[in-house]
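# A structural model of the following input is requested.
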Amino acid sequence: MNIKSVLRTSFVLFCMISRSVVAAPAITPAFNTHDQSQTRQTQASRKAFQRDLSGLYSIQSWKDDNLRQPFNHFDALYLAATNAQIELQTLLQTVSLASATNIIIPDIKSTQRSQQKITTELQGETNKITDIARGSIVAKDIPALVQAYELLAKEATIVSVKNRFKKPTPSGYRDLNVLVRLPHSQIITEVQLHLDEISTIKNGPEHDLYEKIQHIERLAQQQQRPLSEFETTQINKLRQQSHQLYQTAWLGYLQPQAA
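Purely as a prediction, here's the structure:
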């Protein structure tokens, strides 16, 4: 083979290789639309949660300066409150269905406890007692709790709010404690809005700790003496345990799972 043939063959091979390189499709990373969709959903969920948390913190604690029941005599008020409990239950059921929450309707406060409260805490003014009829709303998360509160405000007249999510009790307990005037009976009733885990602690482990504290304090009162240093230390430890239980539960609600 002479030099011309070699050059001709080399040129043909070069052209063929060049065409192959030009024609070869560029390799690009796989475009995963599912991952992008998941990311957008997560970001949207976080933003929605932050709005609800801000909404919860923005609920101001306040109280109507002229809180009075429409009855001044105990027997008339107690009878009206007994009937109002049914109205309250219907109202809370409506809120519960619309907000995917649960409700708890306890028995009305007994006549003995009601009269005792009027005498010892309300200076004998019957029309100031506002928790003969009462109920609770229990939410699985912060968004559901905020929604339930907003619905409650639309269905009845709120006359008092204690936002203990914003300012918890010394034990670390958090809830929304609301007084509402029912639309038909005009009776003022108490509604507590709880988060599920915190409610469970309140009615279980924390209640046991509270009973232990009460036992120590009652013993000192019965013996007409101040708490000893040992008893004070015991009470402080019990309160720290209570606070830790509530704080752990609350932090769990501040770190919701992405949708």
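# same for whichever helix or strand residue 75 is part of, what does it pack against?
Per DSSP states H and E, residue 75 falls inside helix 74-99. Where contact means 3 or more Cβ pairs under 8 Å, 6 or more residues apart in numbering; DSSP states H and E, helix 74-99 is packed against strand 102-104, helix 111-120, strand 134-139, helix 142-155, strand 188-195. C-betas here are computed from N, CA, C, even on glycine.
# and the longest one, average pLDDT?
Pointing back at helix 142-155 there. The average pLDDT for helix 142-155 rounds to 97.
# can you pull the buried residues of it?
Across helix 142-155, burial judged by 16 or more other Cβ atoms under 10 Å covers 142-149, 151-152, 155.
# Farthest-apart pair in those, please.
Distance extremes for the buried residues of helix 142-155: the farthest pair is 142 and 155 at 20.6 Å, using Cβ to Cβ.
# picking that back up, ok, the buried residues of helix 142-155 vs residue 107, which is closest?
Using Cβ to Cβ, residue 152 is the member of these that lies nearest residue 107, at 21.2 Å.
# residues in contact with that closest one?
Residues near residue 152 by Cβ atoms under 8 Å, 6 or more residues apart in numbering: 91, 95, 137, 158, 178, 180, 191, 193.
# Need the residues you listed in a markdown table (columns: pLDDT, distance to residue 77 and neighbour count).
Conversion of the contacts of residue 152 to a markdown table gives the following (pLDDT from 0 to 100; distance: Cβ to Cβ, whole Å; neighbours: other Cβ atoms under 10 Å):
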| residue | pLDDT | distance to residue 77 | neighbour count |
| --- | --- | --- | --- |
| 91 | 98 | 19 | 23 |
| 95 | 98 | 25 | 24 |
| 137 | 98 | 24 | 26 |
| 158 | 98 | 20 | 17 |
| 178 | 98 | 20 | 22 |
| 180 | 98 | 16 | 24 |
| 191 | 99 | 18 | 25 |
| 193 | 99 | 25 | 26 |
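# Columns distance to residue 109 on top of these, output as CSV?
Output for those, formatted as CSV (distance: Cβ to Cβ, whole Å):
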residue, distance to residue 109
91, 18
95, 22
137, 18
158, 20
178, 17
180, 16
191, 14
193, 19
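# how about low-confidence regions in this protein?
Within the chain, the stretches with pLDDT under 70 are 1-41, 256-259.
# the domain parsing of it - what is it?
According to automatic domain parsing, the chain comprises the domains 64-195, 206-253.
# winner for burial among these?
Mean neighbour count (mean count of other Cβ atoms under 10 Å) peaks for domain 64-195 among these, with a mean of 17.
# returning to that earlier point: which of the buried residues of helix 142-155 sits closest to residue 225?
residue 145 (43.7 Å).
# doesn't residue 174 make contact with the closest one?
No - between residue 145 and residue 174 there is no contact under Cβ atoms under 8 Å: 10.4 Å.
# Now residue 227: phi and psi?
Backbone dihedrals for residue 227, given as degrees, to the nearest 10, come out at phi -60, psi 140.
# Give the closest residue to it in space, chain neighbours not counted.
Leaving aside its chain neighbours, residue 227 sits nearest to residue 220 (5.1 Å; criterion: Cβ to Cβ, 6 or more residues apart in numbering).
# so how many other residues sit close to residue 57?
Residues within reach of residue 57, counting by other Cβ atoms under 10 Å, total 11.
# Isn't it up against residue 165?
Yes - at 7.1 Å, residue 57 counts as touching residue 165 under the criterion of Cβ under 8 Å.
# what's across from the residue nearest the centre of the chain in the sheet?
The centroid of the chain falls nearest to residue 195 when counting by Cα atoms, centre = their mean (3.8 Å). Under the criterion DSSP bridges, residue 195 forms beta bridges with residue 139.
# Fine by me, we can end here.
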